[in-house]
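Colleague: Dropping a prediction and its sequence here:
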Amino acid sequence: MHSRIPLVLLLLSLLVTGSLHITTAQPVGICYGTFADNQPTAQEAIPLIQTVGIQRMRLYGPDHNALQSLRNTKIEVVIGVPNEQLQSVASSQDNANQWVQDNIKNYQEVNFRYVVVGNGITPAHDQTSQFAQFVLQAMQNIQNAISACGLQNKIRVTTAIDQSEILIQSCPPSQGQFRPEVRQFIDPIIKFLVNNNNVPLLVNLHPYFSYVHNKADIPSEFDAHGNSGQTPRLEYATFQRQDPILQDGPLGYTNVFDAMVDSVHSALEKAGGSSLDVVVSEIGWPTDGGDAATIENASTHNTRLINHVLNNGTPKRPEKRIETYIFNLFDENKRDSEEFERHWGVFDNNKQAKYQINFQF
């Protein structure tokens, strides 16, 4: 059992430069999901992430308490237009203008990075298909409103997709491609991003789901390659392999993160989006409530993830660091699906770190 580590011992800092031959490293951000009734307030949460040196945060919606606390902090903020607000924003430019006024212009001291229009939407999924028809127009209306404010060179408009929901094939990565039934949805979005100076596509990736649900990203036959106490599948999911376990033509993969990101790169290339970067807008590992959901595994995954993305690109794009946001700041006790969904926090709700993690130089 790991003891809880006092906040003062949690050392989070940032890699600020890359080598001469590789793109400068991106700070690793944190997601701030608030589907809970027992978390610290935003007025407590924002100083917490300042104290530990986190410089980027993803908000899933316009939380005005959080935005108020983010004023003058220099934290780069990714703000979402929630799925349930898309129809309103898409139906009227005036509504989009008002959304930007209420949540962007009224917080001019907040350092906004992206507006993410919709999260995890695909016409192929029953839970989000009703929103799919509104995403592109909502993006366009928000872009118009941002441009009208003269902020188009500072705040970029995009959306976030779920890798597992929108790809029909992802392993091997070179065969990554979008599902045929989502092409009418995703192709115009890709064109929008390309035409707006190659705004990155945000992608939610979850190696944990691939591991526990035996998805194709982590093939079951990997376990035949083991020679240690842990299964090769778990090692592959948590950055513990030193040698490639997946060979895709000339490219070798030691971890599923790289493979999942490169599967999206491949899909984008097949859909006219080869110029787009991928931002991993959600990735983490739960600490309780499911198979392999332990503090030890979460610590290993997130620590090694940070080290990896600060120092490496992917095999397909080795010179490009992957901007990444770890899910989640705190646990969310109101999630009513599987138990592990409630335990993704890096911090306990008493603001103590669950494990030591370094966003190191």
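Modeller: Now that the structure is in, tell me what you want to look at.

Colleague: Sort out which residues of stretch 214-233 are buried, please.
Modeller: Neighbour-count burial for stretch 214-233 flags 215, 217, 218, 219, 222, 231, 232, 233 (criterion: 16 or more other CB atoms under 10 Å). In this view, the C-beta of every residue, glycine as well, is placed from N, C-alpha and C.

Colleague: any idea how far residue 213 is from residue 164?
Modeller: Applying CB to CB, to the nearest Å, the value for residue 213 to residue 164 is 9 Å.

Colleague: again but with residue 191, I slipped
Modeller: To residue 164, residue 191 is 23 Å away according to CB to CB.

Colleague: now do residue 122
Modeller: Residue 122 is 10 Å from residue 164, by CB to CB.

Colleague: okay, the two: which has more neighbours?
Modeller: Ranked by neighbour count (other CB atoms under 10 Å), residue 122 and residue 164 place residue 122 first, with 21 against 18.

Colleague: Pass me the low-pLDDT residue ranges in the stretch 151-300 of the chain, would you?
Modeller: 225-229 (pLDDT under 70).

Colleague: Please, where are all the helices along the protein?
Modeller: Remark: helices assigned in the chain by DSSP state H are 42-51, 64-70, 86-91, 93-103, 132-148, 163-166, 183-195, 207-212, 232-237, 256-270, 295-311.

Colleague: Of all the ones you listed, which one comes closest to residue 27?
Modeller: Nearest of the helices of the chain to residue 27, taken as CB to CB: helix 295-311 at 8.5 Å.

Colleague: Residue 117 contacts residue 83, doesn't it?
Modeller: No - counting by CB atoms under 8 Å, residue 117 does not reach residue 83; the two are 9.5 Å apart.

Colleague: right, and residue 266 touches residue 172 too?
Modeller: No - if you go by CB under 8 Å, residue 266 and residue 172 don't touch, sitting 9.0 Å apart.

Colleague: shared neighbours of the two, anything?
Modeller: Overlap of the contact sets of residue 266 and residue 172 (by CB atoms under 8 Å, 6 or more residues apart in numbering) is empty.

Colleague: the more surrounded of those two?
Modeller: Taking neighbours as other CB under 10 Å, residue 266 and residue 172 compare with residue 266 leading, 22 against 19.

Colleague: gap between that one and residue 25?
Modeller: Counting by CB to CB - residue 266 and residue 25 are separated by 24 Å.

Colleague: Residue 217 too?
Modeller: 25 Å.

Colleague: What of residue 248?
Modeller: From residue 248 to residue 25 the distance is 25 Å (CB to CB).

Colleague: From the buried residues of stretch 214-233, pick the one nearest residue 160.
Modeller: residue 217 (18.5 Å).

Colleague: avg pLDDT for the biggest strand by length in the chain?
Modeller: Criterion DSSP state E: the longest strand present in the chain is strand 111-119. Across strand 111-119, pLDDT averages out at 98.

Colleague: now the angle from that strand to helix 132-148?
Modeller: 160 degrees (axes from the mean of the first three to the mean of the last three CA atoms, to 10 degrees).

Colleague: just how off-centre is strand 111-119 within its chain?
Modeller: 12 Å (CA atoms, centre = their mean, to the nearest Å).

Colleague: And stretch 170-188, by the same measure?
Modeller: 19 Å.

Colleague: Same check on stretch 109-128?
Modeller: The chain centre lies 11 Å from the centre of stretch 109-128; the measure is CA atoms, centre = their mean.

Colleague: end-to-end on it?
Modeller: Start and end residues of stretch 109-128 are separated by 33 Å (CA to CA, to the nearest Å).

Colleague: spatially speaking, which residue is in the middle of the protein?
Modeller: Closest residue to the average C-alpha location of the chain: residue 281 at 1.6 Å, with CA atoms, centre = their mean.

Colleague: Output the contacting helices and strands for the longest strand of the chain.
Modeller: On a contact count with 3 or more CB pairs under 8 Å, 6 or more residues apart in numbering; DSSP states H and E, strand 111-119 meets strand 76-81, helix 86-91, helix 132-148, strand 156-162, strand 201-204.

Colleague: Extract the C-alpha set from it and format it as CSV.
Modeller: Taking C-alpha atoms only, strand 111-119 is exported to CSV below (Å, rounded to 0.1, in the frame of the first residue of the first chain):
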residue,chain,number,x,y,z
ASN,A,111,-5.0,32.5,-21.2
PHE,A,112,-7.2,30.5,-23.5
ARG,A,113,-5.5,28.0,-25.9
TYR,A,114,-8.3,26.1,-27.6
VAL,A,115,-12.1,26.1,-27.7
VAL,A,116,-13.1,22.5,-28.0
VAL,A,117,-16.5,22.2,-29.7
GLY,A,118,-18.0,19.0,-28.5
ASN,A,119,-16.4,16.0,-26.8
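
Colleague: who are the neighbours in contact with residue 70?
Modeller: Residue 70 neighbours (CB under 8 Å, 6+ apart): 46, 57, 77, 107, 110, 111.

Colleague: Distance-wise, check it relative to residue 181.
Modeller: According to CB to CB, residue 70 stands 39 Å off from residue 181.

Colleague: Same check on residue 142?
Modeller: 26 Å.

Colleague: So for these two, which residue has more residues nearby?
Modeller: residue 142 (26 against 12).

Colleague: I'd say that one and residue 101 touch.
Modeller: No - Residue 142 is not in contact with residue 101 according to CB under 8 Å; the separation is 11.7 Å.

Colleague: Look up phi and psi at residue 200.
Modeller: When read as degrees, to the nearest 10, the backbone of residue 200 gives phi -60, psi 150.

Colleague: That one contacts residue 273, doesn't it?
Modeller: No - contact criterion CB under 8 Å: residue 200 and residue 273 do not qualify, at 10.3 Å.
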